[in-house]
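1. any chance you can model this:
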Amino acid sequence: MRGKCLMIQGTASSVGKSVLCSALLRILHQDGMRVAPFKAQNMALNSYVTRDGLEMGRAQVTQAQAACVEPDIRMNPVLLKPTGDRRSQVIVDGRPIGSMTAMEYHLYKPGLRRHIHEVYESLERDYDCIILEGAGSPAEINLRDGDIVNMSMAEAADAPVILVGDINLGGVFASLLGTILLLEEQERARVKGVIINKFRGDVSILEPGLRMLESRIHVPVLGVVPYMDVELEDEDSITERFHQAVGQGDLKVSVLRLRHISNFTDFQALTLQPGVRVSYAKSPDDLADADIIILPGTKNTIEDLIDLRNRGLDEPIIRHARRGGTVIGICGGYQMLAERLLDPLHVESRVPEIAGLGLLDMAVTFSPEKQTLQSTGIIRCQGGWLSALNGQMLDGYEIHAGRNEPGPHAVPWLNIRGETDGLCNPAENVLGTYLHGLFDDGLFFSALKRHLRHESPAMDNPVQTMADFREHEFNRIADIVRASLDMDRIRQIIREDRP
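-> Predicted structure coming up:
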């Protein structure tokens, strides 16, 4: 007997599949089922390290958190991380197997099918129900032969499919009808219903269109989900965060918009802080009034450093630091702060050596071995504002390839596994670390904010952690989706018995 499952596919990218999967996982968990997410292949630079040191996409991590289960690499067996030059690092079962062009991967991909199916079956045995997510659209007929994530995965799992369309983009009826018409007959038979997502307005206005659509596609409309201002982590390719400032505070944080920016989920926690405004900087003008400049992670440190210089962003960062402004580098952004970056084996680029921004007295040498593990940092700093935080622990994870060689003017401030991870300058206004998740519990940033505003700890507002915030969001979207969809019909679609 096969287990229960349901697959959510979309008419296109960015129609809200990931969020709906999270909502359904939370609903089924609330209803007493042990559930888990699954996506055969994800393309993202936002990734996460599991407890056993394996790398997977953040979207499935978020979905696992919605289901109240531990993130498991089986939930995302293949992860593609674009590296530039039309290549992607290919990660299978949480470990990189190499870098491939699109054509190389297209030829390699069919050989992954059997392995992906075995991974899925292993996951399925451990749960009452699996919610699978597709990618893009199943109607990309030019990609059908190499498909491993949409209808071919639905067939392997014997999963019923619900198709999602985004009315906010316009043309939702045409996109739903057109997608179904482009499917093969056996694929159309798997589609058991459709959902219209991101609706703004009175649903009754849609009723004539819904009935007409049902008469054309011969499957029910299972509901209309209103536009939800969702603050869960996004897929990095489609996020709207880069285009708008979040927060109304007077403390302004500017995050560099790097070409290969990765793990920008690190900074969502800052938007929860009262009195803070977070935006992403593409030009020197965007940095003009910043109090804190953050250099985020990147999949290609050297190429992004060259691009940063070509856009004229290096000088404003250096001037800001020289004036005593706060600059923080995380992972690849930390490496950019060095005096020199060396890549003798061409791990990241064709450039064997390049000058860094020169804000931290250290050199970085890249190596092929990638470090991926969950970590706990302990603040240990002699003197300055950071010393007041000595002993504070910061939980997170590391994903990096490179070794730092500190010079005499580099000041250690963060210790991981008995070794120095984070370095700062003597003035303690330029800091770097490899630790992702630095801001998630809110404590470190609260202390930094107090330091910059010359406030006492007594003036602190209660700190909301990312974990608490996610829980609130999961329950909120579950309530909205439960009220918007025909959940009884969906439970029938998630069949009890399948041959």
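2. give me the domain ranges for the protein.
-> Domains of the chain are assigned by automatic domain parsing as 4-232+471-493, 242-464.
3. ends of the last one, how far apart?
-> Taking C-alpha to C-alpha, to the nearest Å, the first and last residues of domain 242-464 lie 23 Å apart.
4. okay if I get the domains of the chain as a markdown table plus mean pLDDT and mean neighbour count?
-> The way it works is simple: take the backbone N, C-alpha and C, and place the C-beta from them, glycine included. Shown next, in a markdown table, are the domains of the chain (pLDDT from 0 to 100; neighbours: other C-beta atoms under 10 Å):
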| stretch | mean pLDDT | mean neighbour count |
| --- | --- | --- |
| domain 4-232+471-493 | 94 | 19 |
| domain 242-464 | 92 | 19 |
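5. residue ranges for the strands of the stretch 151-300 of the chain, please.
-> In the stretch 151-300 of the chain, the strands defined using DSSP state E, counting those that start in this stretch lie at 161-166, 191-199, 221-226, 251-256, 261-262, 276-281, 292-295, 297-298.
6. closest to Arg95 out of those strands?
-> strand 261-262 (17.3 Å; C-beta to C-beta).
7. quick one on the thing from earlier: and the strands of the stretch 151-300 of the chain: which comes nearest Gly383?
-> strand 292-295 (21.3 Å).
8. contacts for the closest one, please.
-> 251-256, 258, 267, 281, 287, 317, 320, 325-330, 332-334, 336-337, 448, 452 (C-beta atoms under 8 Å, 6 or more residues apart in numbering).
9. Three-state assignment for Ala36, please.
-> strand (DSSP: H, G, I helix; E, B strand; the rest coil).
10. end-to-end on stretch 326-343?
-> Note: stretch 326-343 ends 28 Å apart using C-alpha to C-alpha.
11. kindly report the same for stretch 253-265.
-> Note: stretch 253-265 ends 15 Å apart using C-alpha to C-alpha.
12. one step back: any chance of the strands of the stretch 151-300 of the chain in TSV, plus distance to Ile477?
-> Formatted as TSV, the strands of the stretch 151-300 of the chain follow (distance: least, C-beta to C-beta, whole Å):
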stretch	distance to Ile477
strand 161-166	14
strand 191-199	12
strand 221-226	9
strand 251-256	25
strand 261-262	25
strand 276-281	22
strand 292-295	28
strand 297-298	27
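13. Leu341 is nearest to which of those strands?
-> strand 297-298 (11.9 Å).
14. now the lengthiest helix in the chain and strand 221-226, what's the angle there?
-> Using DSSP state H, we find that the single longest helix of the chain is helix 466-484. Comparing the axes of helix 466-484 and strand 221-226 via axes from the mean of the first three to the mean of the last three C-alpha atoms, to 10 degrees yields an angle of 130 degrees.
15. contacts for helix 466-484, please.
-> 19-20, 22-24, 26-27, 30, 62, 65-66, 223-226, 228, 230-232, 268-269, 272, 440-442.
16. apply 7 Å and report the result again.
-> Here helix 466-484 makes contact (C-beta atoms under 7 Å, 6 or more residues apart in numbering) with 19-20, 22-24, 26-27, 30, 65-66, 223-226, 228, 230-232, 268-269, 272, 440.
17. before we move on, back to that, so which of the strands of the stretch 151-300 of the chain gets nearest Glu419?
-> Relative to Glu419, the nearest member of the strands of the stretch 151-300 of the chain by C-beta to C-beta is strand 297-298, separated by 20.0 Å.
18. could you point out which element follows the closest one?
-> Using DSSP states H and E, the helix or strand that follows strand 297-298 in sequence is helix 301-310.
19. could I have whichever helix or strand comes after that following helix exported to PDB, CA atoms only?
-> Counting by DSSP H and E, the next helix or strand C-terminal to helix 301-310 is helix 314-322. These are the backbone C-alpha positions of helix 314-322, laid out as PDB (Å, rounded to 0.1, in the frame of the first residue of the first chain):
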ATOM      1  CA  ASP A 314      33.200  49.900  -2.600                       C
ATOM      2  CA  GLU A 315      34.200  53.500  -1.900                       C
ATOM      3  CA  PRO A 316      30.900  54.400   0.000                       C
ATOM      4  CA  ILE A 317      31.300  51.300   2.200                       C
ATOM      5  CA  ILE A 318      35.000  52.100   2.900                       C
ATOM      6  CA  ARG A 319      34.100  55.800   3.700                       C
ATOM      7  CA  HIS A 320      31.300  54.700   6.000                       C
ATOM      8  CA  ALA A 321      33.600  52.400   7.900                       C
ATOM      9  CA  ARG A 322      36.400  55.000   8.200                       C
END
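20. please renumber the chain so that the first residue is 646 from this point on.
-> New numbering, starting at 646: the last item is helix 959-967.
21. okay, the angle between helix 959-967 and strand 896-901?
-> Using the same axes, to 10 degrees: helix 959-967 against strand 896-901 is 140 degrees.
22. now find how far off-centre the following helix or strand past helix 959-967 is within its chain.
-> Scanning forward in sequence from helix 959-967 by DSSP H and E, the next helix or strand is strand 971-975. Taking the mean of its C-alpha atoms, strand 971-975 sits 20 Å from the chain's own mean (C-alpha atoms, centre = their mean, to the nearest Å).
23. equivalent analysis for stretch 698-716, please.
-> Distance of stretch 698-716 from its chain centroid, counting by C-alpha atoms, centre = their mean, is 10 Å.
24. Ala890: which of the strands of the stretch 796-945 of the chain is closest?
-> strand 921-926 (3.9 Å).
25. pull the CA atoms of the closest one into PDB?
-> Extracted in PDB, the C-alpha atoms of strand 921-926 (Å, rounded to 0.1, in the frame of the first residue of the first chain):
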ATOM      1  CA  VAL A 921      14.500  49.600  12.200                       C
ATOM      2  CA  ARG A 922      14.200  50.100   8.500                       C
ATOM      3  CA  VAL A 923      15.800  47.500   6.200                       C
ATOM      4  CA  SER A 924      16.400  48.000   2.400                       C
ATOM      5  CA  TYR A 925      18.600  46.500  -0.300                       C
ATOM      6  CA  ALA A 926      21.200  48.700  -1.900                       C
END
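26. for the stretch 946-1095 of the chain, just list every one of the strands.
-> Using DSSP E, counting those that start in this stretch, strands in the stretch 946-1095 of the chain cover 971-975, 985-987, 998-1000, 1007-1010, 1016-1024, 1038-1045, 1048-1051, 1056-1061, 1064-1069, 1075-1078.
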